[in-house]
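Novice: Next input, structure requested:
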Amino acid sequence: MQVYTHARAGTIVLCALLISSCAENGSLGQKSFETEYSTARNALEGGDFAKANRVYKRLVPDAGGFEPRIRLELSHGYLRAGDFDAAAQEAGKLAQSQNGDGRAAALSVQATAVHELGLKALAKGDRETGKSYLEQAEAALTEVLATNPDLDPLGSLAGRKASIQSRLSGMR
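Specialist: Numbers count the residues shown, from 1 in each chain. Sure thing, here's the model as predicted:
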């Protein structure tokens, strides 16, 4: 009788392990959108940007009306992972297709990514590219702060813009 109980417990544990190992790969069928979104969001907040970005990319085709939000969070994931090119591209495409708060949110991510690209270019001695990136970031931040100042409650975007303007003034 005890052997049967142990065998049954072992089978349950084995099934749970198989389910959990296959769940992210989708081999058991598609998880619900809500579950996948929660997985991506938790990974983003927990610092596992590679996982967050993988899951966000899987969500995009089925996101429907949530697609702008998913793409914004994907661009934020790229930004936090240090993939500034991908962040700038994703946020830039999103900004072009949005207006209002959605556009401003995408522009703030794009501006941050482009600013970082500009700093990297300047550090490598590429003044022309660096300046171009800084000017793009300044323009995006100017729009965000003019149209949606509520997106900068702590002044970090304004501070970034001031830093960019200071750097640009020394380049003119």
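Novice: Does the helix or strand containing residue 56 pack against any helices or strands, and if so which?
Specialist: Residue 56 belongs to helix 49-59 when assigned by DSSP states H and E. Applying 3 or more Cβ pairs under 8 Å, 6 or more residues apart in numbering; DSSP states H and E, one finds that helix 49-59 contacts helix 33-46, helix 67-81. Every C-beta, even on glycine, is put in place using the N, C-alpha and C of the backbone.
Novice: Now do it against helix 67-81, angle only.
Specialist: Per axes from the mean of the first three to the mean of the last three Cα atoms, to 10 degrees, the angle that helix 49-59 makes with helix 67-81 is 160 degrees.
Novice: quick one: low-confidence ranges for this structure?
Specialist: Within the chain, the ranges that satisfy pLDDT under 70 run 1-31.
Novice: all strands of it, in order?
Specialist: For the chain, strands defined by DSSP state E do not occur.
Novice: Number of residues surrounding the closest residue to residue 93 other than its chain neighbours?
Specialist: Nearest non-adjacent residue to residue 93, counting by Cβ to Cβ, 6 or more residues apart in numbering: residue 71, 7.6 Å away. Using other Cβ atoms under 10 Å, the number of residues around residue 71 comes to 24.
Novice: And the one 3 residues further on, by the same measure?
Specialist: Burial of residue 74 is recorded as 26 neighbouring residues (other Cβ under 10 Å).
Novice: Determine the longest helix present in the chain.
Specialist: helix 100-123 (DSSP state H).
Novice: list the helices and strands that one packs on?
Specialist: helix 67-81, helix 84-97, helix 127-147, helix 156-169.
Novice: So which of those is the most surrounded?
Specialist: helix 67-81 (a mean of 22; mean count of other Cβ atoms under 10 Å).
Novice: Extract the CA atoms of that helix and return them as PDB.
Specialist: What follows is helix 67-81, C-alpha atoms only, in PDB (Å, rounded to 0.1, in the frame of the first residue of the first chain):
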ATOM      1  CA  GLU A  67      -0.700  45.400 -29.000                       C
ATOM      2  CA  PRO A  68       0.500  49.000 -28.400                       C
ATOM      3  CA  ARG A  69       0.900  48.200 -24.700                       C
ATOM      4  CA  ILE A  70       2.700  45.000 -25.400                       C
ATOM      5  CA  ARG A  71       5.000  46.700 -27.900                       C
ATOM      6  CA  LEU A  72       5.700  49.500 -25.400                       C
ATOM      7  CA  GLU A  73       6.600  47.000 -22.700                       C
ATOM      8  CA  LEU A  74       8.800  45.100 -25.200                       C
ATOM      9  CA  SER A  75      10.600  48.300 -26.100                       C
ATOM     10  CA  HIS A  76      11.100  49.000 -22.400                       C
ATOM     11  CA  GLY A  77      12.400  45.400 -21.900                       C
ATOM     12  CA  TYR A  78      15.000  46.000 -24.700                       C
ATOM     13  CA  LEU A  79      15.900  49.300 -23.100                       C
ATOM     14  CA  ARG A  80      16.400  47.800 -19.600                       C
ATOM     15  CA  ALA A  81      18.400  44.900 -21.200                       C
END
